[in-house]
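> quick one: sequence and predicted model below, then my questions.
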Amino acid sequence: MRVAVFDTYVVKKNGTARHFEIIVPVDQPHDKVIQYGREYLKRVGQEELPLTTKECLFWHIETASVDLEKTIKEQGHCICEIEECN
C-alpha cells in the first residue's frame, strides 16, 4: 500500500511544539487528513489547538509496512507521535 505522510506541528498549551505524522492512503484528500489530526488532538486533550494546512504539511509518499497497512485498513489512518507528545 502506498501512503502519504503529513508532517504536523502544533504549539501546545505550555508553548512547546507537538510533532506528529498523519499517515493515510495516498488518495486521501487533505481535508480528511486535517479531520484525523483534529480527532487525535481531541483524544489527547489539546482540541483547542489550531490545525490547518499551515500546521499539517504533505511530506512524502512511501510504501507502508505490514503493521502500518493493517492499522490504516482498520482505522483509515495512522498517527505516529514524534516528539513532545506526552
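Okay, I see it. Numbering: from 1, shown residues only.

> so Y36, which state does it fall into?
Under the three-state scheme (DSSP: H, G, I helix; E, B strand; the rest coil), Y36 adopts helix.

> contacting residues around the closest residue to it other than its chain neighbours?
Distances taken as CB to CB, 6 or more residues apart in numbering place H77 nearest to Y36, at 4.5 Å, with adjacent residues excluded. Bear in mind the C-beta positions are built from the backbone N, C-alpha and C, glycine included. By CB atoms under 8 Å, 6 or more residues apart in numbering, H77 lies in contact with I22, I23, V24, Q28, V33, Y36.

> burial measure for the third one, as a count.
Right, V24. When neighbours are counted by other CB atoms under 10 Å, V24 registers 20.

> where do the helices sit along the chain?
30-43, 66-75 (DSSP state H).

> quick one: which of the ones you listed is nearest M1?
Of all the helices of the chain, helix 66-75 sits nearest to M1, with 4.6 Å by CB to CB.

> now that closest one: buried residues?
Neighbour counts over helix 66-75 (16 or more other CB atoms under 10 Å) mark L68, T71, I72 as buried.

> would you mind putting these into CSV with distance to H60 alongside?
Shown next, in CSV, are the buried residues of helix 66-75 (distance: CB to CB, whole Å):
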residue, distance to H60
L68, 14
T71, 18
I72, 16
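
> low pLDDT regions in the chain?
For the chain, the stretches flagged by pLDDT under 70 are 83, 85-86.

> most distant residue from the centre of this structure?
Largest separation from the mean C-alpha position in the chain: N14, at 20.5 Å (CA atoms, centre = their mean).

> without its sequence neighbours, what residue ends up closest to V10?
Using CB to CB, 6+ apart, the nearest residue to V10 is L49, at 4.5 Å.

> please report the distance of that neighbour from E69.
Using CB to CB, to the nearest Å, L49 is found at 29 Å from E69.

> ok, E47 next?
E47 is 29 Å from E69, by CB to CB.

> re the thing from before, take the helices of the chain and lay them out in CSV including distance to R18.
Shown next, in CSV, are those (distance: least, CB to CB, whole Å):
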stretch, distance to R18
helix 30-43, 8
helix 66-75, 20
